[in-house]
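S.K.: sequence isn't available, so here's the structure alone:
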């Protein structure tokens, strides 16, 4: 746009974080700001040389958003040095799908669809565009780029294929299997010819895992008094690959059931994020007994594989080889409730907040 | 020997295990049996077709001997399926250096020196010779084959070079650094050009680590109220490689100080063997924050590298590039005290029991 043009200024509703997050996140940890506005053009400021202005369409609710909180949380220094997801009186930060309204960046132009790390507001000025990918395949639902075709999909892909190095016929266990990542890991594992068991927190989810997502078995971890015994029942010969999403007692139970040369990809530990002090894991000597490799990974380290990932997954989606469930809520104002629901396990698939549909 | 010969029968003193091992091993968990005898020839029994009869010279005291106990210990099923180190009223099982007295095995003949898994007694009939290596380099002390040139040496070698994949200039931390394995890991790391810090349980050991073994720094973990802060002091930029020997609180402190893409080789967890329930490790999410790989290993998996290991280490020993300390006690009857001392941290180097000198 030419510098002299009149720039349109519009309403820019936002979801902000309060200065305190309680142990279990509640809706009141966030609040809606309806009074802010934004000019629909990238400013001419020095730090905006490669900036772009986005209209946010779909926002993603992800478990790590709660795990990585204030900058006074010394325990999570590394990740949070990069991105602060919850900062007092600032918009929540998270992945989203957006349309470029204005851009000074050579790779993005107005009208482009992108996904990356944006903010919980209607419009966002992005000064650092590093996290963004342009969306080229638009013959699948755009919201999929918050999940199966975005960060969670890449997380499942990197953790399963790259970190776990799976082989046909191996025994795979996925905790939090109904989550955006878990449901994909299970389906990737099935497509590779593995035996896959998932756990989730309700009978309804267990049924869907088995009947819709094609898991060989699934169980409700809340119904199991002895998790180690439950795993022994589903894996009498042990677990080759564990995709770790929950931590704590589940990890302890898994360690007792790993097979020789098993692999544990540590993606996250959702059961632990709301504890001030994480639950102690006591069975780590089993890493030695069974020569198990346990490895933490961080999906942006694998983003160079995104084109390869799309080549694999887009055909799977189009051909119906992969099933994908979304739990969509309409309206930015309903974002906090959707994020909170993740931690109660009441979401029915990948949690997505619709800000606008185009 | 021809079948008709008169076979010499000799005294065969043994150290046996009682039916109960207390939480902290004490000498009375073992007892000396002076009444048994043995015939100095491999019997003609069907299961002795490839057996050999050994005269035990040096026996090794190693931490895992306590860690892997009775067959009713469900928590250590895998290793103990292979070898039971403590079985009621049976000789203690452990690594040793022995001389072959008689053999039906084609690869071993009378007079050969060997090292492998034998028993705490004067003479041992070995029916399965799989664990044994013939000793060819006899221009170094024979007792070294219980340590630097035996299983502990191979443990240091496999854990450091193979599991940790070290690079010159990396920051290496070794707990239990005064132990048979730890002192070697530190020296291997120095020879590779790494910065090495070790911890031990007394000022005397700390001084020896720094002044004799050439560690860059060392500290007495018993003097540190805050292990994480101590590690931060010695590794302001973090730890690339942690050679894990102790577990529990130490591991928790290390997890807070790992560098990006760090590696933890889990060799054992001596601090935990005497707890009925291991101490909980709470900082495992740091595996994700820093993309750390934590891997248990078992040294027999690497025994095919033994010749390569000897090629590296024997010249180091002969040229004085590696320092090695032994804590030798004379007499089988002093074995229990020596083994027990390992767990109080009062051993002054690799603990060896001399049964006979030739």
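M.R.: Perfect, I can see it now. All values derive from a computational prediction rather than experimental measurement.

S.K.: biggest strand in chain A by residues?
M.R.: strand A:93-103 (DSSP state E).

S.K.: what's the distance between the residue lying closest to residue A:139 once chain neighbours are set aside and residue B:299?
M.R.: Spatially, and ignoring its direct neighbours in sequence, residue A:139 is nearest to residue A:318 (7.5 Å; C-beta to C-beta, 6 or more residues apart in numbering or on different chains). Where C-beta positions appear, they are placed from N, C-alpha and C, glycine not excepted. Taking C-beta to C-beta, to the nearest Å as the measure, residue A:318 falls 50 Å from residue B:299.

S.K.: same question for residue A:55.
M.R.: Distance of residue A:55 to residue B:299, given as C-beta to C-beta: 59 Å.

S.K.: just to revisit the earlier point, so in that sheet, which strands flank the longest strand of chain A, and in what orientation?
M.R.: strand A:52-60 (antiparallel), strand A:113-119 (antiparallel) (DSSP bridges).

S.K.: just the closest residue of the stretch 201-350 of chain A to chain B, please.
M.R.: At 1.2 Å from chain B, residue A:280 is the closest residue in the stretch 201-350 of chain A, using C-beta to the nearest C-beta.

S.K.: grab the nearest non-local neighbour of that residue.
M.R.: residue B:280 (1.2 Å).

S.K.: still on that earlier bit, for the residue of the stretch 201-350 of chain A closest to chain B, what are its contacts?
M.R.: B:279, B:280, B:281, B:282 (C-beta atoms under 8 Å, 6 or more residues apart in numbering or on different chains).

S.K.: returning to that earlier point: for the longest strand of chain A, what is the distance to the chain centroid?
M.R.: 17 Å (C-alpha atoms, centre = their mean, to the nearest Å).

S.K.: sorry, back to before: which one's more surrounded, residue A:318 and residue B:299?
M.R.: Ranked by neighbour count (other C-beta atoms under 10 Å in any protein chain shown), residue A:318 and residue B:299 place residue B:299 first, with 20 against 12.

S.K.: any low-confidence regions in the stretch 101-250 of chain A?
M.R.: Applying pLDDT under 70 to the stretch 101-250 of chain A picks out no residues at all.

S.K.: which bits of it sit near chain B?
M.R.: Residues of the stretch 101-250 of chain A found near chain B (C-beta under 8 Å from any C-beta of the partner chain) are residue A:247.

S.K.: for the stretch 101-250 of chain A, what spans make up the strands?
M.R.: For the stretch 101-250 of chain A, applying DSSP state E, counting those that start in this stretch gives strands covering A:113-119, A:123-126, A:133-134, A:171-174, A:195-200, A:217-220, A:239-244.

S.K.: ok, residue A:302 to residue A:269 distance?
M.R.: From residue A:302 to residue A:269 the distance is 19 Å (C-beta to C-beta).

S.K.: if you could redo that for residue A:147, that was the one I meant.
M.R.: Going from residue A:147 to residue A:269 by C-beta to C-beta gives 20 Å.

S.K.: and residue A:201, by the same measure?
M.R.: As judged by C-beta to C-beta, residue A:201 and residue A:269 stand 15 Å apart.

S.K.: ok, these two, which is more surrounded?
M.R.: residue A:269 (28 against 17).

S.K.: burial measure for the nearest residue in space to that one that is not next to it in sequence, as a count.
M.R.: Sequence neighbours aside, residue A:247 is the residue nearest to residue A:269 in space, at 2.7 Å (criterion: C-beta to C-beta, 6+ apart). When counting by other C-beta under 10 Å, one arrives at 24 neighbours for residue A:247.

S.K.: next, residue A:247: phi, psi?
M.R.: phi 80, psi -170 (degrees, to the nearest 10).

S.K.: test my guess that it contacts residue B:284.
M.R.: Yes: using C-beta atoms under 8 Å, residue A:247 is in contact with residue B:284, at 6.5 Å.

S.K.: which neighbours do these two have in common?
M.R.: A:269, A:278, A:281.

S.K.: please enumerate the helices of the stretch 51-200 of chain A.
M.R.: Assigned by DSSP state H, counting those that start in this stretch, the helices in the stretch 51-200 of chain A fall at A:64-67, A:77-82, A:151-157, A:180-191.

S.K.: redo these as JSON lines? Include mean neighbour count and distance to residue B:87.
M.R.: JSON lines is the format used below for those (neighbours: other C-beta atoms under 10 Å in any protein chain shown; distance: least, C-beta to C-beta, whole Å):
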{"stretch": "helix A:64-67", "mean neighbour count": "21", "distance to residue B:87": "46"}
{"stretch": "helix A:77-82", "mean neighbour count": "15", "distance to residue B:87": "47"}
{"stretch": "helix A:151-157", "mean neighbour count": "26", "distance to residue B:87": "46"}
{"stretch": "helix A:180-191", "mean neighbour count": "26", "distance to residue B:87": "41"}
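
S.K.: helix, strand, or coil at residue A:254?
M.R.: helix (DSSP: H, G, I helix; E, B strand; the rest coil).

S.K.: verify the stated contact: it with residue A:264.
M.R.: Yes: contact criterion C-beta under 8 Å: residue A:254 and residue A:264 qualify, at 7.2 Å.

S.K.: show me whatever sits in contact with both of these two.
M.R.: A:242, A:244.

S.K.: contacting residues around stretch A:142-156?
M.R.: By C-beta under 8 Å, 6+ apart, stretch A:142-156 touches A:57-60, A:62, A:95-97, A:113, A:115, A:135, A:137, A:140, A:179-182, A:184-185, A:188, A:243, A:267, A:299, A:302-303, A:305-306, A:309-310, A:313-314, A:317, A:322, A:324, A:326, A:328, A:350, A:352, A:354.
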